[in-house]
Every structure is written in C-alpha cells, then in structure tokens.
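1. Pasted the sequence and its predicted model underneath.
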Amino acid sequence: MSRVTPSEVKAIVTTALDDATIQLWIDGSSAIVDRNAPCIGGDEALLTKVELYLSAHNVHLNSGTNKGQI
C-alpha cells in the first residue's frame, strides 16, 4: 500500500499526467521503498518522504514536459 497520493506528488511537480497514471508511478516507487525499508531504517516518516520524492522524480521524467526541476 502506497504512502502518498497523486495530489501530494502534484504539489511537488507540474504534470499533465492523470491521477491513475501518477498512481502507477507511486505504486512502483512504493515497491522499491518497501523492499529497501530495512536499509533506509524503517522510520515511517522517512520512508514516506523517499516514496514521495521518488514518485515525483519518476512522474517528472515521464510527464513529457521536463521543464521544471524538482
């Protein structure tokens, strides 16, 4: 289960992607974070931040605009 929402990702990065597509990137980021949680330390607040910024990074790279910076 993901820790962040498409709205939270869109607060960081401007994108024309719809929420369903953003959720796909969130789900992928969540799987990566879950698999690496022991290495990250297991602190839920930190895991949430990592998931959020990884999701925003992936959305930005795949949004087709790539005009701003995260």
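-> Sure, I can see it.
2. The helix ranked longest in the chain - contacts with which helices or strands?
-> When the chain is parsed with DSSP state H, its longest helix is helix 19-40. Using 3 or more C-beta pairs under 8 Å, 6 or more residues apart in numbering; DSSP states H and E as the contact test, the elements touching helix 19-40 are helix 6-10, helix 44-61. Every residue, glycine included, has its C-beta placed from N, CA and C.
3. The longest one versus helix 19-40: what angle between them?
-> Translated: helix 44-61. Comparing the axes of helix 44-61 and helix 19-40 via axes from the mean of the first three to the mean of the last three C-alpha atoms, to 10 degrees yields an angle of 130 degrees.
4. Rounded mean pLDDT for helix 44-61, please.
-> For helix 44-61, the mean per-residue pLDDT is 96.
5. What residues of that helix count as buried?
-> If you call a residue buried by 16 or more other C-beta atoms under 10 Å, then helix 44-61 has these buried ones: 47, 50, 51, 52, 53, 54, 55, 56, 57, 58, 59, 60.
6. Over to the shortest one?
-> If you call a residue buried by 16+ other C-beta under 10 Å, then helix 6-10 has these buried ones: 6, 8, 9.
7. just those now: which is nearest residue 19?
-> Within the buried residues of helix 6-10, the smallest distance to residue 19 is 4.1 Å, found for residue 6 (C-beta to C-beta).
8. Local confidence estimate at that closest one?
-> pLDDT at residue 6 comes out at 98.
9. same check, this time on the one 4 residues further on
-> Confidence per residue is given as pLDDT, and for residue 10 that number is 97.
10. Can you tell me, leaving aside adjacent residues, what's nearest to it?
-> Distances taken as C-beta to C-beta, 6 or more residues apart in numbering put residue 22 closest to residue 10, at 7.1 Å, once the chain neighbours are dropped.
11. I'd like the distance between the spatially closest residue to residue 32 that is not a sequence neighbour and residue 35.
-> What sits nearest to residue 32 in space, not counting adjacent residues and going by C-beta to C-beta, 6+ apart, is residue 54, at 6.6 Å. In this view, residue 54 and residue 35 are 12 Å apart by C-beta to C-beta, to the nearest Å.
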